[in-house]
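> Return atomic coordinates for the entry below.
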Amino acid sequence: MYKKLFHLVLCILTCVSFRTQAAVILQYHHVSNTLPSVTSISGDTFTEHLRYLKTNNYNVVALNTLINALEQGKMLPDKTVAITFDDGYKNNYEQAAPILEKFGYPYTIFVNPTLIDEKMNYVMGWDHLRELAKKGALIANHSAQHNYLHQKLKGETDTQWQLRIKNDILHSQTRIKQEIGHDFKYLAYPYGEFNNALQVLITELGFVGIGQHSGAVSQYSDFSRLPRFPASGVYSNLTTLKTKLNARAFAIESMVYKNSVSTENPPAITIQFIKRDFNKNQFTCYVSGAGKATLNWLDEHSVRIVSPTELKQGRSRYNCTAPAKSHPGSYYWLSQPWVITP
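Predicted coordinates for the structure are as follows:
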């Protein structure tokens, strides 16, 4: 009820001249010239990314600045970007931080406090994180040990799972606050995986959930599953990244599906748009490894999306895009992640 009332008021204020966000969150892991390229980006290519942002006048802001504006329903300038890193690898301190400092860009590092406390040799220690925080980096929660948070242990009940994950998240948050002083309630899901129960839990705990599925963000986004554009490995190509940097968020009233982690195969999702700033015949969805999805428009603002074939077990996505009518050259972009289980 309150969500619909918020959107009604928002529409009264903005629908005469409909505006949509062009804000994105970028996700990196390693910045390294020697590590495997799957989740890495070289220092030179990372510099090229930041130089492109600077040369083309992108509004690079801290993650809390971005999220606060979205939660308050404030419009951000077009071309707003937040930069994030997952896992707190040592090369973030050795290679990424000096490059970011040259450009004067804020950034966020999502860390696993238990791995830090265990002095794992591939992650930064608290001393380095404190040093980066003093220079403006935001340190946030990536769970205690980078486990799959939605998965239950053998024989574990729903109540036991909920208590274990709650303790994991809150312990991690406490350690970050003790060591760094930061208490931003942002949780980057390990491996980008989440299900309905995990989304409900982190929302009840007052956290914003952040995934690894692609897409832009706006005041219409689901704050239990904000998207990010991966920008490392095969996604580090600047030519394709340029299009993503100008992506816009669909104005969505609701997305209905059984669960992101599901035995339903193929899974279906129904999206209801608040306003459709695109032509229906230009709205296209692709399925990981299966070509175009099947679309069934239920009315002018609602569409059902399903894969034409069963998905492979494990991770898959539906990626949907459409050219923006009000902003020629920009695309609306949405990704629905799936984990298909036996």
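> May I have the longest helix anywhere in the chain as CSV, with CA atoms only?
Longest helix in the chain by number of residues (criterion: DSSP state H): helix 158-179. In CSV, the C-alpha atoms belonging to helix 158-179 read as follows (Å, rounded to 0.1, in the frame of the first residue of the first chain):
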residue,chain,number,x,y,z
ASP,A,158,14.3,-22.5,8.3
THR,A,159,14.5,-21.0,11.8
GLN,A,160,18.0,-22.3,12.4
TRP,A,161,19.1,-21.0,8.9
GLN,A,162,17.7,-17.6,9.6
LEU,A,163,19.4,-17.3,13.0
ARG,A,164,22.8,-18.4,11.6
ILE,A,165,22.7,-16.0,8.7
LYS,A,166,21.4,-13.2,10.9
ASN,A,167,24.4,-13.7,13.3
ASP,A,168,26.8,-13.9,10.3
ILE,A,169,25.6,-10.5,8.9
LEU,A,170,25.4,-8.7,12.3
HIS,A,171,28.8,-10.1,13.4
SER,A,172,30.4,-8.9,10.2
GLN,A,173,28.8,-5.5,10.6
THR,A,174,30.0,-5.2,14.2
ARG,A,175,33.6,-6.1,13.2
ILE,A,176,33.6,-3.4,10.5
LYS,A,177,32.3,-0.8,12.9
GLN,A,178,34.8,-1.8,15.6
GLU,A,179,37.8,-1.7,13.2
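> average pLDDT across the helix or strand that comes right after that helix?
For helix 158-179, the following helix or strand on the C-terminal side (DSSP states H and E) is strand 186-188. In this model, strand 186-188 has a mean pLDDT of 98.
> Show residues contacting strand 186-188.
Residues from elsewhere that reach strand 186-188, judged by CB atoms under 8 Å, 6 or more residues apart in numbering: 63-64, 67, 84, 86, 108, 110, 140-143, 169, 202, 207-211. For the C-beta atoms, the positions are set from N, CA and C on the backbone; glycine is no exception.
> again, only this time at 6 Å
The contact list for strand 186-188, computed with CB atoms under 6 Å, 6 or more residues apart in numbering, reads 86, 110, 140-142, 202, 207-210.
> Out of these, which is nearest to residue 46?
Among the contacts of strand 186-188, residue 86 lies closest to residue 46 (CB to CB), at 14.7 Å.
> Could you find the closest non-adjacent residue to that closest one?
Closest residue to residue 86 apart from its sequence neighbours, by CB to CB, 6 or more residues apart in numbering: residue 110 at 5.0 Å.
> Format the contacts of strand 186-188 as a markdown table; extra columns: neighbour count and secondary structure.
Formatted as a markdown table, those follow (neighbours: other CB atoms under 10 Å; DSSP: H, G, I helix; E, B strand; the rest coil):
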| residue | neighbour count | secondary structure |
| --- | --- | --- |
| 86 | 28 | strand |
| 110 | 25 | strand |
| 140 | 26 | strand |
| 141 | 27 | strand |
| 142 | 25 | coil |
| 202 | 26 | helix |
| 207 | 20 | coil |
| 208 | 23 | strand |
| 209 | 20 | strand |
| 210 | 30 | strand |
